[in-house]
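S.K.: Let's see this in three dimensions:
(chains A and B)
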Protein chains: 2
Amino acid sequence: MKSEIITIGDELLIGQVIDTNSAWIVEQLNTIGISVYQITSISDNRQHILTTLEEAQKRADIVLITGGLGPTKDDITKQTICEFFGSKLTLHQESLSLIKALLLRRGISEIIENNRNQAFVPDNCTVLLNHNGTAPCMWFEKNEKIFVFMPGVPFEMKAIISDQILPKLKTIFRLPEIVHKTIHVQGIPEALLAQKLETWEDNLHKSIKLAYLPSPSSIRLRFSAYGNLPNTASLREKRSNLIADEETERLLHGVYTEPVERVRNDKQNFEKQSLIEIINQEIIKLQKIIPQNIVSIDERKIEEVIGEILKSEKLTIATAESCTGGNIASLITSVSGSSEYFKGSVVSYANEIKIQELNVNAQDIEKYGAVSQQVVEQMATNVRSKFNVDYSIATSGIAGPNGGTAEKPVGTVWIAIASKNNVYSEKFQLGEHRGRNITRASNTALSMLKKFIND
Amino acid sequence: MKSEIITIGDELLIGQVIDTNSAWIVEQLNTIGISVYQITSISDNRQHILTTLEEAQKRADIVLITGGLGPTKDDITKQTICEFFGSKLTLHQESLSLIKALLLRRGISEIIENNRNQAFVPDNCTVLLNHNGTAPCMWFEKNEKIFVFMPGVPFEMKAIISDQILPKLKTIFRLPEIVHKTIHVQGIPEALLAQKLETWEDNLHKSIKLAYLPSPSSIRLRFSAYGNLPNTASLREKRSNLIADEETERLLHGVYTEPVERVRNDKQNFEKQSLIEIINQEIIKLQKIIPQNIVSIDERKIEEVIGEILKSEKLTIATAESCTGGNIASLITSVSGSSEYFKGSVVSYANEIKIQELNVNAQDIEKYGAVSQQVVEQMATNVRSKFNVDYSIATSGIAGPNGGTAEKPVGTVWIAIASKNNVYSEKFQLGEHRGRNITRASNTALSMLKKFIND
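M.R.: This next block holds a predicted model:
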């Protein structure tokens, strides 16, 4: 089952925005077993739209189009859609009511012409209501192909895809059962990870595909296990199988009810369970290869994982930060509910603050330097006792680009973790880039804390 | 002058990465007056590549292609390129030397087959050396159109575009003089900003185009002033005008020397100056409309602007943070050299830390609540005196999603700025989203500090 994505609008073609919509849509389509053949970004120009739709339908079964439907730029796209599908614009009463209600919630009681025009849709499309914006979503079927025109505003588009388009596609097409699972890995560069996992990857169960999804702070490994291949019969053939009567036909264009789904679900539940089992087996093998690097067997970030551990064990924490400059505290408090376990932090950027606020021994700073095991351990120990918490994290290092010496080059970072009876510290040699050094030191510190608590 | 961008590779089509390359390339091309007609993402499949190249050359003068050139996936793309341009692969000695040197720097002294293959290029292309990676960049001219194949790794691609492709395109095409200037705006939502600027925008000098480039923390306004329109003659016609002899022809395929550039520069310097003047006139008008919201008349962020002020005035600063959880300290210390003016911070997430570390009056917390003018002003005043700095910032608020009350709903934030003789505080009602509330509170606090120092 092949699909294509078309984005309409100048924003991408003048470099104004980065196309994050397409990556999200691809991920959603993949989740239900639909692959994406091409992504095309074009301007809102009549001929350009017509040509692109024409070409896309030759290659794909499903064409998802975003953008070009705002209140001010509605005209060209919608007129062009009418031309392509041989339709006339007609007022869609339900959309008009929704638009009025939406504007009212925003404090606007009088509807202007531009907004009213948005409720006009081609007369031969199925309208998917947009509950978060003023542009209705339009679903067409032509030459056995499906075309869906959606607004480009990310949260409007996402809601329509999740709540309406994906369920509808699942009803129309017989798609393979697919199970996805994502693992969060940290503390290992991508190339080294790939090398360590090479043999394991080569021997992955044949139903599984693996994707590396790297970000500046971690790598997500996405497992996708595929069930039986999709039936590649055409939409029309599928229909004649699936659809017995007019009632079901109506369902295809409106809201589908349980029965249709239930029949499919009964058959697929067994397969789904076995796919989950296949992935779990691979994860067990993976855990033996990189036991230290797996942050979570799901999408959770390290700060969320730590938050859950601290919360469930009723433990508290504080940080004393030099080179990370408050970034660890900032990560911890990015998690909702962190006030239950995070008491606070001393960011001791200047040496005098290390001495005055964290009782670090001034002579030790003199003798060993601020970036030293002696100093970072005192920072951790003292912030823990001063803030009266169970655990503490301390950092001291040279983030760069300046301040490095031959003995302690840029990227040298000491990290310490303290508990009531123990303190553990480790030295790291990170890179040359200030921002990445701060990010890596922060994430490494949180990983160390997790290991420290687990041990 | 029209261009198209094609990205080759599965990464985008399985949702593995977001296409940030294209937005960057668009911005660079726009800078020298080349517009982008279409962006297409395709897989590394022979027929798909051939068809896409065929279609792109019908629409555009310049086709820039990224990706499909890694050491493991080289084959399909390069064989297909040979098919399209009627070429044979031949060893490019200079690239081979570069690859060997690069691998040696990474500690690899023996070159493997995959890497050696990367030095083979089509015999009818001009090689643009890749100094940052193993895949050479290939420049073709066919039917008066230019095709450039680049590696997809962002920093390799960026270096080649900036250092080689843009200068080369400027030599070949007569492009309009374009001047860009970006202004950083903060503390005003995009819709409200657009409304305030409507009249001014409608009356912008006709040579100017304005783009809104929003990010979670601020909005960049990009001015682009265009000189005379490009000569739309074909590449070949341009050539016959521009190129007098074989020597210049060679320059087009290698490094161009000064003379060619100097002639153009003399003519264009005058125009450039007048375009800069046109933009500056508009900025003066803009400053009168939103005097409080302009952070910088360039790309600098608020934390950089403040850093420069503090450094030049030899002033010091500290923060006392509750709801921002260390994020302000983190922003300040993201700037290289911040240790010259930033002494540190107390992140007082728990009330006991506010009392113990910042000497906030416990009865005031009891009476007014932690999110109150009384508390935030004490936090600011006391951290300033305790850390012995010239200025301080304090925050206390409800980031959400929980913790709100009828009186103090989620998004209520108090921010205070203190100097030796003065303290100023203000209450803000931000939104419902935790992450955005923290970002907005942090940026608002930094803007307040800037205003406080300036006043």
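S.K.: can you list the residues of the stretch 351-455 of chain A near chain B?
M.R.: A:Glu352, A:Ile353, A:Glu357, A:Phe387, A:Ala399, A:Gly400, A:Pro401, A:Asn402, A:Gly403, A:Arg434, A:Gly435, A:Ile438 (C-beta under 8 Å from any C-beta of the partner chain). C-beta: built from backbone N, CA, C; applies to glycine.
S.K.: Correct me if wrong, but the third one is in a strand.
M.R.: In other words, A:Glu357. No: looking at A:Glu357 with DSSP: H, G, I helix; E, B strand; the rest coil, it is helix, so not inside a strand.
S.K.: contacting residues for it?
M.R.: For A:Glu357, the contacting residues are A:Val346, A:Ser348, B:Gly344, B:Val346, B:Glu357, by C-beta atoms under 8 Å, 6 or more residues apart in numbering or on different chains.
S.K.: can I get the residues you listed in JSON lines with secondary structure and pLDDT?
M.R.: What follows is the contacts of A:Glu357, written out as JSON lines (DSSP: H, G, I helix; E, B strand; the rest coil; pLDDT from 0 to 100):
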{"residue": "A:Val346", "secondary structure": "strand", "pLDDT": "98"}
{"residue": "A:Ser348", "secondary structure": "strand", "pLDDT": "98"}
{"residue": "B:Gly344", "secondary structure": "strand", "pLDDT": "98"}
{"residue": "B:Val346", "secondary structure": "strand", "pLDDT": "98"}
{"residue": "B:Glu357", "secondary structure": "helix", "pLDDT": "97"}
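S.K.: If any of those are buried, give me the ChimeraX selection for them.
M.R.: Buried subset of the contacts of A:Glu357, written as a ChimeraX selection, criterion 16 or more other C-beta atoms under 10 Å in any protein chain shown:
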select /A:346,348 /B:344,346,357
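S.K.: out of the residues of the stretch 351-455 of chain A next to chain B, which are buried?
M.R.: Buried among those by 16+ other C-beta under 10 Å: A:Ile353, A:Glu357, A:Phe387, A:Ala399, A:Gly400, A:Gly403, A:Arg434, A:Ile438.
S.K.: Go through these and name the one nearest chain B.
M.R.: A:Ile353 (4.0 Å; C-beta to the nearest C-beta).
S.K.: which two in the residues of the stretch 351-455 of chain A next to chain B are spaced the farthest apart?
M.R.: Spatial extent of those (C-beta to C-beta) is set by the pair A:Phe387 and A:Pro401 at 32.3 Å.
S.K.: Would you mind listing the outside residues contacting stretch A:292-311?
M.R.: The contact list for stretch A:292-311 (C-beta under 8 Å, 6+ apart) reads A:181-188, A:193, A:217-218, A:220, A:283, A:286-287, A:315-317, A:331-332, A:334-335, A:337-338, A:340-341, A:391, A:443, A:446-447, A:449-451, A:453.
S.K.: Any buried residues in that stretch, and which?
M.R.: Buried, per 16+ other C-beta under 10 Å, within stretch A:292-311: A:293-296, A:300-307, A:310.
S.K.: Rebuild those as JSON lines, extending it with pLDDT, secondary structure and distance to A:Ser95.
M.R.: Shown next, in JSON lines, are these (pLDDT from 0 to 100; DSSP: H, G, I helix; E, B strand; the rest coil; distance: C-beta to C-beta, whole Å):
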{"residue": "A:Asn293", "pLDDT": "89", "secondary structure": "coil", "distance to A:Ser95": "50"}
{"residue": "A:Ile294", "pLDDT": "90", "secondary structure": "strand", "distance to A:Ser95": "47"}
{"residue": "A:Val295", "pLDDT": "88", "secondary structure": "strand", "distance to A:Ser95": "44"}
{"residue": "A:Ser296", "pLDDT": "88", "secondary structure": "strand", "distance to A:Ser95": "42"}
{"residue": "A:Arg300", "pLDDT": "86", "secondary structure": "coil", "distance to A:Ser95": "39"}
{"residue": "A:Lys301", "pLDDT": "89", "secondary structure": "coil", "distance to A:Ser95": "39"}
{"residue": "A:Ile302", "pLDDT": "93", "secondary structure": "helix", "distance to A:Ser95": "44"}
{"residue": "A:Glu303", "pLDDT": "96", "secondary structure": "helix", "distance to A:Ser95": "42"}
{"residue": "A:Glu304", "pLDDT": "96", "secondary structure": "helix", "distance to A:Ser95": "39"}
{"residue": "A:Val305", "pLDDT": "94", "secondary structure": "helix", "distance to A:Ser95": "44"}
{"residue": "A:Ile306", "pLDDT": "96", "secondary structure": "helix", "distance to A:Ser95": "46"}
{"residue": "A:Gly307", "pLDDT": "97", "secondary structure": "helix", "distance to A:Ser95": "42"}
{"residue": "A:Leu310", "pLDDT": "97", "secondary structure": "helix", "distance to A:Ser95": "48"}
